[in-house]
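Undergrad: Test case, fold it:
(chains A and B, ligands or ions: 3)
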Amino acid sequence: MLDRKVKIKEIRDLGAGNHLLVITSPEQARLVRPGQFVMLKCVEDTGGNPLLRRPFTIFNIHRNARSGKPAGLELLVKEAGAGTRRLVMARPGQVLDCLGPQGQGFHLPPDLSSRVATACLVAGGVGIAPLLLLAESLLALRIRPILFYGGATAADLVLRESFERLGIDIIYCTEDASHGERGLVTGPLEQFLRIHPRKDTRLYACGPWGMMRGVHELAVGYELQCEVSLEARMGCGLGACLGCVVASEASEGRSYPLVCQDGPVMNSRLVRWDIAPI
Amino acid sequence: MKPTSTDKAPLRGPRLGVEIAGVRFKNPVLTASGTFGYGLEFAPYLDLNAIGGIVVKGLSMKPIAGNPPPRVYETASGMLNAIGWQNIGAAAFVAEKLPGLANYDTRVIVNIVGFELDEYLEVARFLNDCPGVHALELNISCPNVGKGGFHFNKDPRDTHKITAEVRRASPRLPLWVKLSPNVTDIREFARAAEEAGADALSVINTLVGMAIDVHSRRPRLRFRTGGLSGPAIKPVALRMVWEACQAVRIPVIGIGGIATAEDALEFLIAGARAVQVGTANFYEPAVSERIALGLGEYCRAHRIDDIHEIIGSLRDYE
Ligand SMILES: Cc1cc2nc3c(=O)[nH]c(=O)nc-3n(C[C@H](O)[C@H](O)[C@H](O)COP(=O)(O)OP(=O)(O)OC[C@H]3O[C@@H](n4cnc5c(N)ncnc54)[C@H](O)[C@@H]3O)c2cc1C
Ligand SMILES: Cc1cc2nc3c(=O)[nH]c(=O)nc-3n(C[C@H](O)[C@H](O)[C@H](O)COP(=O)(O)O)c2cc1C
Ligand code: FES
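TA: Numbers count the residues shown, from 1 in each chain, chains lettered A, B, ... in the order given. Ligands and ions are numbered 1, 2, ... in the order given. Got it, this is the predicted structure:
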């Protein structure tokens, strides 16, 4: 909703190509709802490489150490290509163009706890980004979050301490068993759902397409509601280019909702999982 | 660049207004179809009153779902898109968007699309009676749909035919014809449109391109090919605008890779009466307002009273 020039306060290397980018922007920080994102670009980059801004989920609201008031945004940026590399190579003090907060976050009505007792939060790699603010909001609504956090290897399980600090149950998974259980994160999730067959459980997933699809299929199998935080290539992040669509199960014919406006968080049953948007 | 030889500084601000087919624009900076939504999406980011006009997303009579994703991909200084004419339909536009646009003092141009000639005529007829629409822009140059549109830009005779028919279907509205760069000689198409009654030409639409993911060996876009836009296409666009300006007497509106006031000035000097800003809106939502302000600053710095002193002022080497 706001387009602002913001300063980088800090960039922390988290290893394995992951960085925590802290930007100063109290105005934008005050507006954030869990699951929303910003579009970022270095102001100096006017030469066209990269040309477009890149979308990043708001991991956390950075708070003033003394007053506790929202002072900025914390973003988790994983190096994927030229655009993300450019951002993580930036230095504190450098100025970014920052558009946001954008999009629809998680559906968190005040009476959610009348229907939901347990929330299974499922993350693959940087898919962890939207889940911290979600976990905090769920706790505030007196809903119990359980985090299923998977990655290829231990180094991909970044920012664990932010969740451990909340005192919630966490199940870690790595494909090489370097941390937690071996295998994909959908394994322990299914085990949990089998042992606790309760209708007041809700699933929330963010990560690679295949992982989210797996979580969606479990939701269908166990007749649970599931919200996914989707990714798509974005031209603008504000609803103008119609580039960021995901194919949807519409009642009649095709329909292509915009990830930047109708999402990024969507009910998993609205998504056509046979058409990956990236 | 040499300042022009006016002795006195202009008393008021420089005059930036231009006229295209009887419609006044407060300045020659417009936004390009498909890159500015239906206009209102950008209201939070810039003063819509500060730009000359808004060309809205291509509209058909019935809503179109568009192509399955992925639809966009960034390339060197540009991007490929294959949106596939997704739009809400002309009736929904008029009911839901046009009233909001009427609150702004800017011009609204509607870009129209269709798969068959009849569909173009239907939407042109419908919009002809809609107050608040100031001109039509006939999109016969979109490369991103299986059939339609594009084939009216393969042969100048087809361009002539569709222009003449849409002209008749919508007698009230000025008709701009948007030309494709994916032709050998754009001048033939420019002349065909002029002869058939076009009031202005929009030059250019996107260049057909492609990108491949070497790991999966799949095209980056599900549609396989897409339209290239952004700074990468500016030199090509500028050359084609200049060529079109030589070929016709009707106004030409320059489009392609414009991101700064200097870019816009190049097109004006080449002969364009106005410009449209496209892809740059995506990464700088307020860019069109900044360009309009930049034109004013340029005129003041060069003691130019009226933007018409710049339009078509290209000089030759001695
Ligand atoms: C709503 C949303 C939220 C996101 N949140 C985060 C986040 O919190 N942290 C984070 O590290 N990344 C996030 N991403 C992904 C991030 O935007 C991309 O990794 C980034 O745009 C890649 O840019 P690049 O120039 O570095 O890579 P490119 O050179 O463009 O591409 C490198 C690789 O990244 C993939 N990619 C490109 N664009 C996207 C995209 N929009 N989404 C997913 N993959 C993409 C490409 O397919 C390719 O494999 C998010 C994406 C979306 C849509
Ligand atoms: C995502 C996208 C969608 C577009 N949709 C349309 C459209 O609906 N109708 C049209 O005539 N041109 C459309 N265009 C073309 C632009 O209006 C413009 O002609 C082209 O992008 C070149 O200008 P630019 O380099 O400034 O973007 C679209 C371009 C982009 C990038
Ligand atoms: S990113 Fe442009 S419409 Fe969503």
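
Undergrad: in its sheet, what does the lowest-mean-pLDDT helix or strand in chain A sit against?
TA: Lowest by mean pLDDT, DSSP states H and E among the helices and strands of chain A is strand A:254-255, with a mean of 78. Using DSSP bridges, strand A:254-255 pairs in its sheet with strand A:248-249 (antiparallel).

Undergrad: Spell out which parts of the stretch 151-278 of chain A neighbour chain B.
TA: For the stretch 151-278 of chain A, the contact set with chain B under Cβ under 8 Å from any Cβ of the partner chain comprises A:232-236, A:238-247, A:253-256, A:275-278. (Each C-beta comes from the backbone N, C-alpha and C, glycine too.)

Undergrad: what subset of the residues you listed is also close to ligand 2?
TA: A:Gly235, A:Cys241, A:Gly243 (Cβ under 6 Å from any ligand atom).

Undergrad: Pipe those into CSV and attach pLDDT and neighbour count per row.
TA: CSV is the format used below for those (pLDDT from 0 to 100; neighbours: other Cβ atoms under 10 Å in any protein chain shown):
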residue, pLDDT, neighbour count
A:Gly235, 97, 30
A:Cys241, 97, 29
A:Gly243, 97, 30
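
Undergrad: any idea how far chain A is from B:Ala91?
TA: Distance, B:Ala91 to chain A, by Cβ to the nearest Cβ, to the nearest Å: 18 Å.

Undergrad: what about that residue, distance to B:Leu98?
TA: 11 Å (Cβ to Cβ, to the nearest Å).

Undergrad: More neighbours: the two, which one.
TA: With neighbours defined as other Cβ atoms under 10 Å in any protein chain shown, B:Ala91 and B:Leu98 compare such that B:Leu98 has more, 22 against 15.

Undergrad: Which residue is the nearest non-sequential neighbour of that one?
TA: Excluding its sequence neighbours, the residue lying closest to B:Leu98 (Cβ to Cβ, 6 or more residues apart in numbering or on different chains) is B:Gly132, at 5.0 Å.

Undergrad: And A:Pro70, by the same measure?
TA: A:Ala29 (3.6 Å).

Undergrad: now do A:Pro92
TA: Using Cβ to Cβ, 6+ apart, the closest residue to A:Pro92 is A:Ile8 (5.2 Å).

Undergrad: Give the bridge partners for the one you found, please.
TA: A:Ile23.

Undergrad: That one: neighbour count?
TA: 19.

Undergrad: And for the one 3 residues further on?
TA: Using other Cβ under 10 Å, A:Ile11 is surrounded by 19 other residues.

Undergrad: mind checking the SS state of it?
TA: Secondary structure, DSSP: H, G, I helix; E, B strand; the rest coil: A:Ile11 is strand.

Undergrad: so who does it touch?
TA: A:His19, A:Leu20, A:Leu21, A:Val22, A:Val88, A:Ala90, A:Arg91, A:Pro92 (Cβ atoms under 8 Å, 6 or more residues apart in numbering or on different chains).

Undergrad: didn't the last one look like it was pressed against A:Lys9?
TA: Same thing as A:Pro92. Yes. Using Cβ atoms under 8 Å, A:Pro92 is in contact with A:Lys9, at 6.2 Å.

Undergrad: ok so, going back, can you give the strand pairings for the helix or strand following the least confident helix or strand of chain A, parallel or anti for each?
TA: Using DSSP states H and E, the helix or strand that follows strand A:254-255 in sequence is strand A:265-267. As defined by DSSP bridges, the strand partners of strand A:265-267 come to strand A:226-229 (antiparallel).

Undergrad: Just the element for A:Val77, please.
TA: strand A:70-78.

Undergrad: So for that strand, mean pLDDT?
TA: Averaged across strand A:70-78, pLDDT comes to 98.

Undergrad: And for stretch A:127-137?
TA: 98.

Undergrad: So it, near ligand 1 or not?
TA: Yes. Contact of stretch A:127-137 with ligand 1 (Cβ under 6 Å from any ligand atom) involves A:Ala129.

Undergrad: what about that stretch, distance to the chain center?
TA: Remark: stretch A:127-137 is offset 7 Å from the chain centroid, using Cα atoms, centre = their mean, to the nearest Å.

Undergrad: helices or strands up against the longest helix anywhere in chain A?
TA: For chain A, the helix with the greatest residue count under DSSP state H is helix A:209-221. Under the contact definition 3 or more Cβ pairs under 8 Å, 6 or more residues apart in numbering or on different chains; DSSP states H and E, helix A:209-221 sits against strand A:118-124, helix A:186-195, strand A:201-206, strand A:226-229.
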